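Undergrad: Just a sequence and a predicted model for now, questions to come.
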Amino acid sequence: MKKYIILPIVLIIAGAFFLISFKSKERAKEDLNIYKNLSGGGNTDLVLPAGFHASLIENNIGEARHIAVTKEGDIYVKLLYPKNGKGILFLKKTVGNKYQVSGFGNYGGTGILLNGGYLYASSNTTVYRYKLNDNDEVTDPEHPDVIVKGLIDRRQHNSKSLAMDNNGNLYVNIGAYSNSCQVEDRVPGSMGQKGCPILDSAGGIWQFKADKLNQTYGDGVRYATGIRNVVGLDWNNQSNSLYVMQMGRDQLHDLFPKYYNAEISALLPAECLYELHRGANAGFPYAYYDQIKKKYMLAPEYGGNGKIESNKNYLPPSLAFPGHLAPTAVLFYTGNQFPEKYKNGAFIAFHGSWNRSPEKQAGFFVVFAPFENGKPTGKWEIFANNFAGTKDVISPRNAKYRPCGLAQGPDGSLYVSDDTKGAIFKISYNK
């Protein structure tokens, strides 16, 4: 009698294992379809100008934010969150264009750069410095210098992105921990705080010395203010100035529906490229830039209604892009591999939006803006597209990839990181 009971149980268990195996194989097929052109350094599905091609050199390494490429072609990657206790990955190039991956630094964040024999990397409160050997390898990963500490972290807009000039000055973004400095953040109809106290320690770019240890706010200079949040920034050697991409404020319609409809709220305000000099003010939170009217408009939190212009002389943007594309990196191209039109121009990564409803979300591409004599010509074009893998992006979760960081390789190739699946792309040009 027992054998007749045992037999059905065995068949049920076997069937369950078969079903699990079948589903696993189906998932593997789906993964294969997604990555069939994105493995082993092969061609990708990115849409690029004629003569350019892209290869996927790493994948699934963690939420890869900003990156830096050494003169040997090795790659440092800053992870938004540590993976297996490591917030910085080192991709060491080996035979056959493969990479050996190791890691260090038990903190997340975004900023990372190579300069003067050091690797600089940031958490959301601190900037660290690591000494490099002649091969650009970190010599003592467990004991970095602390360059800046005690920076404010209120979770919202808390990445401390980095840039450096040619005189030993370090520039750090300290984003506003607010959408628009309302008394009650992101609450419909809530008005702006008088004097916006956020601006005493956030909402701008701070300048510190790159070689001085244990600096705090008191050692730095608030280089520029009125900037809601900057993830992408770079030093332009032609103009000898800092350029940044500001992420514009959100939710004009959601917070003030009597002044803005959903369609215009999906387009405004602009994502602005600014050339910054000491003392610059880009207007946050009192005004926003309307790229359609080409004017600063008074923010609704401070008495605006979408029609009233600001009467302040805020810094005019160098370029104004459509709203809610989420810029995350700026890179001035100085290599010789790409055609001449790209020399000294700016590549800008747009991470992709979450707040353009009822319109489809937008971004998820890298654009190129040509420069002449250190200034943008006013034109721009989409350079690398189809990271999302679909035109129907209703939510960022629909995107396969979201470009985040940019870096130039020693051969003049362009590297792009993705912080969704943790991919690193290499874009090259063949004449």
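TA: Thanks, I have it. Owing to the predicted nature of the structure, the values given are computational and were not obtained by experimental measurement. Numbering: from 1, shown residues only.
Undergrad: The spatially most central residue of the chain and residue 307: what is the separation?
TA: Closest residue to the average C-alpha location of the chain: residue 328 at 2.5 Å, with Cα atoms, centre = their mean. Separation of residue 328 from residue 307 (Cβ to Cβ, to the nearest Å) stands at 32 Å. All C-beta atoms are positioned from the backbone trio N, CA, C, and that covers glycine.
Undergrad: same question, residue 349
TA: From residue 349 to residue 307 the distance is 33 Å (Cβ to Cβ).
Undergrad: can you check residue 391 too?
TA: Residue 391 sits 33 Å away from residue 307, going by Cβ to Cβ.
Undergrad: Three-state assignment for residue 67, please.
TA: When classified by DSSP: H, G, I helix; E, B strand; the rest coil, residue 67 comes out as strand.
Undergrad: residues touching it, list them.
TA: Contacts for residue 67 (Cβ atoms under 8 Å, 6 or more residues apart in numbering) come out as 75, 76, 77, 78, 112, 405, 406, 407, 415, 417, 424.
Undergrad: one more time with 6 Å
TA: 75, 77, 405, 407, 415, 417 (Cβ atoms under 6 Å, 6 or more residues apart in numbering).
Undergrad: And residue 345, by the same measure?
TA: By Cβ under 6 Å, 6+ apart, the contact list for residue 345 reads 333, 368, 370, 371.
Undergrad: cool, and residue 146?
TA: Residue 146 neighbours (Cβ under 6 Å, 6+ apart): residue 214.
Undergrad: what about it, helix or strand, and which?
TA: According to DSSP states H and E, residue 146 maps onto strand 145-148.
Undergrad: tell me, how many neighbours does residue 152 end up with?
TA: Counted by other Cβ atoms under 10 Å, the residues lying close to residue 152 total 17.
Undergrad: Run a quick check on residue 327 versus residue 350, I expect a contact.
TA: Yes. Between residue 327 and residue 350 there is a contact at 5.4 Å, judged by Cβ atoms under 6 Å.
Undergrad: Now do the same contact list for the residue nearest to residue 305 when sequence neighbours are not counted.
TA: In space, and not counting its chain neighbours, residue 305 is closest to residue 259: 4.6 Å by Cβ to Cβ, 6 or more residues apart in numbering. Neighbouring residues of residue 259 by Cβ under 6 Å, 6+ apart: 300, 305, 306.
Undergrad: let's go with 10 Å and repeat that
TA: 252, 253, 265, 300, 304, 305, 306, 307, 308 (Cβ atoms under 10 Å, 6 or more residues apart in numbering).
Undergrad: Isn't residue 109 up against residue 87?
TA: Yes. Contact criterion Cβ atoms under 10 Å: residue 109 and residue 87 qualify, at 6.7 Å.
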